[in-house]
Structures are given as structure tokens and as C-alpha cells.
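**Student:** Quick check, what structure comes out for this input:
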Amino acid sequence: MSLLQRLEMRQGQALVMTPQLLQAIKLLQLSQLDLAAYVDAELERNPLLERVDGEGHETPEAASDTAFEGREGREGGEAADGEGGEPESWLSQDLNPSRSEIEGDFDTRLDNVFPDENPSPAREAASGDMLSLTPAPYGNTGGSFDGEAPDFEATLTAETSLREHLAAQLDLATRDPVERLIGGFLIDAVDEAGYLRDSIDAVAERLGTSLDTVARILKLVQGFDPAGVAARDLAECLAIQLREKDRFDPAMQALVARLDLVAKRDFPALRRLCGVDDEDLVEMLAEIRRLDPKPGRAFGGSAVEVLIPDVFVRAAPDGSWLVELNGEALPRILVNQSYYARVSKGSVAEGDKAFLSECLQTANWLTRSLEQRARTILKVATEIVRQQDGFFVHGVTHLRPLNLKTVAEAIGMHESTVSRVTSNKSIGTSRGTLEMKYFFTAAIPGAAGAAAHSSEAVRHRIKQLVDGETPSDVLSDDALVQKLRDEGVDIARRTVAKYRESLRIPSSIERRRGNFAPALR
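**Tutor:** Alright, predicted model coming up:
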């Protein structure tokens with residue numbers, strides 16, 4: 001066996017993921033908020049990137065630089081202010097005129113004011129020989145800094161959060177520092193709905209205190225406003241509110257303990273359990289409905305994020321559909337080539353020159369990636385609109401089965417690219433703003449060789465059938481299957497049950513119980 005060294009040339013194919021390609025793929029699947037955060041980070045890091053507004057105007061920073069340069073030009077060209085003479089110096093003007101001069105210029109007296117006006121420091125200073133030019137404090141005048149109109153933003157207040165509301169009550173309820181510490185920890189564990197999500201055992205172990213102490217402080221917090229706050233489940237929340245109303249008698253205790261029977265509308269079992277008649281049960285259920293199952297929702301929580309469409313679809317005069325990008329949702333950035341040329345002309349160090357070159361390359365790739373992202377989104381959205389033309393004309397019942405492969409083959413892209421494009425993106429239509437994933441539905445075969453149906457359309461049809469049923473004719477799952485098969489949909493019973501549960505529609509037995517007891521509904 002001999003060991004030899006030799007040179008060989010081999011030819012092969014391999015997929016190389018360059019940093020630029022990875023960046024383009026990353027940008028493609030980002031949502032609007034994530035993309036805006038990414039662009040903001042690049043704007044802070046890269047000095048060659050500039051943000052422009054929707055009309056292509058300069059940013060305020062660029063505008064201030066231009067104004068500064070223009071001011072320098074005006075100061076350098078003093079002859080432009082006059083006929084070649086020296087400009088008038090404002091330093092020679094008298095900035096502290098006497099009271100008599102001011103009264104003579106304005107032909108009035110300084111003490112000639114409306115009687116209901118509040119004296120300001122400026123008017124009080126005017127009673128002397130000289131007028132103070134120091135503006136009155138903003139808080140004393142109640143107006144804006146220029147004294148022309150009130151500043152309405154100064155009157156705005158932040159909405160009180162549930163935690164702040166409970167913490168203020170805790171400060172009044174106890175002065176013991178240990179109790180305040182435990183109470184503050186319990187308040188921090190209360191979610192936006194008003195429920196305590198941490199067990200008192202975990203709280204006691206984390207704070208190193210006894211379980212009885214935590215339970216006692218929890219009882220204190222549960223007595224705060226709103227009633228039912230810091231409860232650990234729905235039954236405890238309702239029980240706290242009923243105790244405050246002095247309505248937590250034994251019959252009501254039995255009813256609250258079996259909320260599962262209330263959800264199932266098993267009224268005969270509830271009558272036997274509570275030991276009451278139909279009239280009393282009706283009153284008890286009505287009182288339960290008047291309670292607030294989420295007492296914390298009346299206070300300010302996290303801001304609701306509005307779904308902003310990435311693409312708009314509107315009808316054209318000729319009956320087709322116009323698909324256009326939402327320009328307000330696209331970040332607009334430019335590469336400042338003039339700044340790069342001005343800086344690179346000077347004598348810069350080798351490291352600085354390499355940094356500038358890297359920033360220029362990154363900026364160019366980012367702008368091209370954003371443009372490619374916009375074109376790809378528009379291409380995919382256009383194909384989705386073409387495939388689902390019936391939905392935009394007639395509604396949900398005309399949705400067609402659609403998958404990623406169909407769209408990818410139609411536009412000449414890979415399925416993974418289409419999947420990234422449709423993630424976290426939405427389309428604004430005349431029927432509302434819908435996620436792109438909404439238009440991709442599974443296919444349910446048609447009966448007797450008919451065309452396949454969209455699963456979303458079948459789910460919508462099930463809801464229509466249930467909404468149209470009568471109290472004397474409640475449709476079971478088997479009856480729903482038969483009706484759908486009569487309409488040409490070949491569907492199994494378990495699929496109907498799955499779709500019904502996803503729509504949160506009770507079973508036929510539960511719906512029949514509610515129909516036979518209208519007074520208890």
C-alpha cells in the first residue's frame with residue numbers, strides 16, 4: 001500500500017447560500033411589523049441608508065442638512081442681502097424698549113387688558129420701566145408655546161391599567177411591607193382578563209413564605225375592585241361577585257360548582273342538583289349571565305394590532321380585478337450615493353474604506369431585496385386572485401380548492417417560496433381583510449364524480465344549515481351529511497363533526513335541549 005499526493009479537478013453542482021440570498025429569503029417571510037423593525041435597525045447601523053416618505057421627499061434629517069448648507073451659502077454671500085453693502089446688524093437694535101415707546105408704537109396702554117384675564121409674568125413685568133421679553137411659563141397660560149392655540153396633547157392622559165388600579169388599592173389596604181411585597185407579586189401574576197395564572201403554592205415557594213400567608217393576601221386582593229379579580233378559575237370569579245351581592249346561597253353554590261352542566265344546558269340535572277323549580281332556576285341563570293366573567297377587560301390592556309393588508313384587490317371597470325401593493329406598508333429607503341462619493345474622496349483609513357464599501361454593498365442588496373420582495377408578493381397575490389375569482393364575485397361558497405403547488409407551478413416558483421410569501425401576509429378585499437393562507441383550502445371530493453369542493457366552503461355551508469334549522473327539526477351530524485351529499489359533497493360524518501366543532505356549534509342533543517327550554521336560554 002503506497003501513499004501518493006496528486007492534484008485532481010472535479011466538476012460538481014452544489015447549492016451555495018450566500019449571505020445576500022439568506023437576507024432575501026429572510027425578508028420574504030417577514031411580516032410588516034418585523035420588516036419595519038429590521039429596516040429601522042439597518043437605518044441605524046448603515047450610514048448610507050436614508051428613509052424617504054411616501055412621495056419620495058427627503059427625510060427631516062436630510063432636509064435640515066440642506067437648510068444648514070443653504071444658510072452657510074447665504075452667510076458666505078453677504079452681497080446678496082443688499083446692493084453690495086454690508087448687511088444690517090441686528091445686534092445694534094434695541095431689544096429692551098421702554099414702556100412709553102411700546103405704548104406709543106401700539107397706540108394703547110399696557111394695562112388696558114380684559115378684567116377676566118389672568119395676569120401673566122409678562123404683564124406684571126410690564127408695570128415697571130422696562131418690559132421683560134421672557135415668555136410666560138407654559139403651565140401658567142394654558143396655551144401652546146407660541147401662545148396662539150392650546151396644546152391639546154398636554155391634556156391627554158394614559159388609560160389606567162389593571163395592575164395600576166390594583167396596586168393603588170393595595171397601598172391603601174395595608175402598610176406592612178411584607179404584605180405589600182406578596183400582594184404586588186400576586187398582582188403582577190394577574191392577566192388582562194383578571195385571573196391569577198400562578199398557583200399560590202408556586203408563589204409561596206418562590207417568595208420563601210408560608211402558604212397560609214399567601215392565601216391570606218390573596219383573599220385581600222380578591223376583595224379589590226373590580227369584583228372577581230385575582231380569581232383562579234371561572235367558578236371562583238363568579239363566586240366572589242355573588243358574595244359581594246350577598247347571593248351566594250347553597251342553591252347558587254351548587255349551580256356555580258357545576259358550570260359544565262350549565263354549558264351543556266342540562267336543566268333537569270341542574271334542577272335536581274340545586275333543589276329548585278323552573279322559575280327559580282331561570283332567575284339563577286339570569287343572575288349568572290349578569291356577572292362579568294372577565295373583570296379585568298374594563299381596564300387598559302395591550303394595544304390591539306390592526307391587520308393592515310399588504311395587497312389591495314378592487315374591481316376594474318371591465319369586470320376584471322386590479323391587484324396592487326399597499327404603498328403605505330412598504331418601507332421606502334434609498335442609498336445615499338452622494339454621501340458615499342463625498343466621504344470616499346477624502347483621505348480615509350484603510351479600515352474606514354472597507355467599512356464604507358461593506359455599507360454600500362449591504363445597502364444596495366437591501367434595496368434590491370425589498371424590491372424583489374414586493375414583486376414576488378404581487379405576483380403570488382395576482383395568481384391567488386385569478387384562482388379564486390369566484391370568491392371575489394360570489395363569496396365564500398365559491399371558494400375553490402387550492403394548494404401551494406398549484407400557485408407555484410402557475411408563476412414558475414418553488415413551493416417553499418410561495419409558502420414564505422403567504423406567511424404573515426394579508427389581502428384587502430371588498431369582503432374584508434383576509435390572510436393569504438385563507439385562500440389555500442383542502443379539497444373535498446364531489447359526489448358522483450362532480451367537481452371537488454373547498455373545505456372552507458363546506459364549513460360555511462354547515463353553518464348555514466345549522467342556522468336555518470327549526471326547533472322541531474334539529475339536524476344531527478348524519479342529517480348534515482345527507483344534506484351535503486344531496487348538494488354534491490361527498491363527506492364523512494367525522495369530518496362534519498370536526499368542522500362543526502371548529503365552528504363552536506353544539507351537538508344536536510345540546511341544541512335540542514336549548515330549543516325545548518326557551519325560557520332557560
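
**Student:** which helices and strands does the helix or strand residue 465 falls within pack with?
**Tutor:** Assignment of secondary structure by DSSP states H and E places residue 465 within helix 455-467. The elements that helix 455-467 packs onto, with contact taken as 3 or more CB pairs under 8 Å, 6 or more residues apart in numbering; DSSP states H and E, are strand 443-444, helix 477-486, helix 493-502. Bear in mind the C-beta positions are built from the backbone N, C-alpha and C, glycine included.

**Student:** Residue 338: which of those is closest?
**Tutor:** Closest to residue 338 of these is strand 443-444 (CB to CB; 55.8 Å).

**Student:** what is the mean pLDDT for the closest one?
**Tutor:** The pLDDT scores in strand 443-444 average 87.

**Student:** what does that strand rub up against?
**Tutor:** Applying CB atoms under 8 Å, 6 or more residues apart in numbering, the contact partners of strand 443-444 are 401, 452-455, 458, 489-491, 495.

**Student:** about what we covered before: buried ones in the helix holding residue 465, by neighbour count?
**Tutor:** Neighbour-count burial for helix 455-467, counted by 16 or more other CB atoms under 10 Å, picks out 455-462, 466.

**Student:** a markdown table please, covering those and showing pLDDT.
**Tutor:** Output for these, formatted as a markdown table (pLDDT from 0 to 100):
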| residue | pLDDT |
| --- | --- |
| 455 | 90 |
| 456 | 90 |
| 457 | 90 |
| 458 | 91 |
| 459 | 91 |
| 460 | 91 |
| 461 | 91 |
| 462 | 93 |
| 466 | 91 |
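
**Student:** so which of these comes closest to residue 285?
**Tutor:** Checking the buried residues of helix 455-467 against residue 285 with CB to CB, the nearest one is residue 466 at 23.2 Å.

**Student:** Next, the contact list for that closest one, please.
**Tutor:** Contact criterion CB under 8 Å, 6+ apart gives 475, 480, 500, 505, 511 as the residues in contact with residue 466.

**Student:** Now rank the residues you listed by neighbours and give me the top one.
**Tutor:** Neighbour counts for the contacts of residue 466 (other CB atoms under 10 Å) peak at residue 480, which has 23 neighbours.

**Student:** doesn't residue 464 make contact with that residue?
**Tutor:** No - taking CB atoms under 8 Å as the contact criterion, residue 480 and residue 464 are not neighbours in contact, 10.8 Å apart.

**Student:** Where do the strands of this structure begin and end?
**Tutor:** Listed in chain order, the strands of the chain (DSSP state E) span residues 49-51, 311-315, 321-325, 333-335, 426-429, 432-435, 443-444, 453-454.

**Student:** Identify, out of those, the most deeply packed stretch.
**Tutor:** With neighbours defined by mean count of other CB atoms under 10 Å, none of those is more surrounded on average than strand 453-454, at a mean of 25.

**Student:** any idea of the mean pLDDT for that one?
**Tutor:** 88.

**Student:** any residues touching that strand, and which ones?
**Tutor:** By CB under 8 Å, 6+ apart, the residues outside strand 453-454 that reach it are 399-402, 441-446, 488-489.

**Student:** For residue 272, state which of these is nearest.
**Tutor:** Distance from residue 272 was checked for each of those by CB to CB. The minimum falls on residue 489, at 42.3 Å.

**Student:** so what's the closest one bridging to?
**Tutor:** When bridges are called by DSSP bridges, residue 489 pairs up with residue 446.

**Student:** Contacts for stretch 233-241 next, please.
**Tutor:** So stretch 233-241 is in contact with 194-195, 222, 227-228, 231, 248, 253, 256-257, 259, 288, 291-293, 295, going by CB under 8 Å, 6+ apart.

**Student:** filter those residues to the buried ones?
**Tutor:** Among the contacts of stretch 233-241, the ones that count as buried by 16+ other CB under 10 Å are 194-195, 222, 227-228, 231, 248, 256, 288, 291-293, 295.

**Student:** Which ones among these map onto helices?
**Tutor:** 222, 256, 288 (DSSP state H).

**Student:** Can I get these in TSV including distance to residue 333 and pLDDT?
**Tutor:** Converted to TSV, those look like this (distance: CB to CB, whole Å; pLDDT from 0 to 100):
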residue	distance to residue 333	pLDDT
222	52	94
256	58	93
288	56	92
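
**Student:** export the residues you listed to TSV and tack on distance to residue 422?
**Tutor:** Below are these laid out as TSV (distance: CB to CB, whole Å):
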residue	distance to residue 422
222	46
256	46
288	43
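
**Student:** Can you report how many residues lie near residue 33?
**Tutor:** Residue 33: 11 surrounding residues under other CB under 10 Å.

**Student:** Same question for residue 317.
**Tutor:** Using other CB under 10 Å, residue 317 has 6 neighbouring residues.

**Student:** and what of residue 234?
**Tutor:** Other residues close to residue 234 by other CB under 10 Å number 15.

**Student:** just to revisit the earlier point, tell me which of the strands of the chain sits nearest to residue 382.
**Tutor:** The minimum distance between residue 382 and the strands of the chain falls on strand 321-325, with 4.7 Å, by CB to CB.

**Student:** Just want the angle from the closest one to strand 311-315.
**Tutor:** Angle, strand 321-325 to strand 311-315, by axes from the mean of the first three to the mean of the last three CA atoms, to 10 degrees: 160 degrees.

**Student:** Report the distance from strand 321-325 to the chain centre.
**Tutor:** The gap between the average C-alpha position of strand 321-325 and the chain average comes to 24 Å, counting by CA atoms, centre = their mean, to the nearest Å.

**Student:** helices or strands up against it?
**Tutor:** Judged by 3+ CB pairs under 8 Å, 6+ apart, strand 321-325 is in contact with strand 311-315, helix 350-387.

**Student:** Could you dump the ones you listed into TSV and include distance to residue 421?
**Tutor:** Converted to TSV, the helices and strands packed on strand 321-325 look like this (distance: least, CB to CB, whole Å):
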stretch	distance to residue 421
strand 311-315	10
helix 350-387	5
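
**Student:** Can I get those in CSV including mean pLDDT and distance to residue 180?
**Tutor:** Putting those into CSV (pLDDT from 0 to 100; distance: least, CB to CB, whole Å) gives the following:
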stretch, mean pLDDT, distance to residue 180
strand 311-315, 93, 53
helix 350-387, 90, 51
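
**Student:** what about the closest residue in space to residue 369 that isn't next to it in sequence, how many neighbours?
**Tutor:** Taking CB to CB, 6 or more residues apart in numbering as the measure, residue 369 lies nearest to residue 24, with 4.4 Å between them; neighbours along the chain are not counted. By other CB under 10 Å, 18 other residues sit near residue 24.

**Student:** From residue 286, how far off is residue 24?
**Tutor:** Between residue 24 and residue 286 the distance is 60 Å, computed by CB to CB, to the nearest Å.

**Student:** What of residue 504?
**Tutor:** Spatial separation of residue 504 from residue 286 under the definition CB to CB is 23 Å.

**Student:** same thing with residue 41?
**Tutor:** The gap separating residue 41 from residue 286 is 55 Å, by CB to CB.

**Student:** How about residue 297?
**Tutor:** Computed with CB to CB, the distance linking residue 297 and residue 286 is 21 Å.

**Student:** Could you do residue 273 as well?
**Tutor:** Where residue 286 is concerned, residue 273 sits at a distance of 18 Å (CB to CB).

**Student:** and what of residue 264?
**Tutor:** Taking CB to CB as the measure, residue 264 falls 18 Å from residue 286.

**Student:** Which of these two has more residues huddled nearby?
**Tutor:** The residue with the greater number of neighbours, taking residue 264 and residue 286 and applying other CB under 10 Å, is residue 264; the counts read 17 against 11.

**Student:** I figured that one hits residue 512, correct?
**Tutor:** No - taking CB under 8 Å as the contact criterion, residue 264 and residue 512 are not neighbours in contact, 11.7 Å apart.
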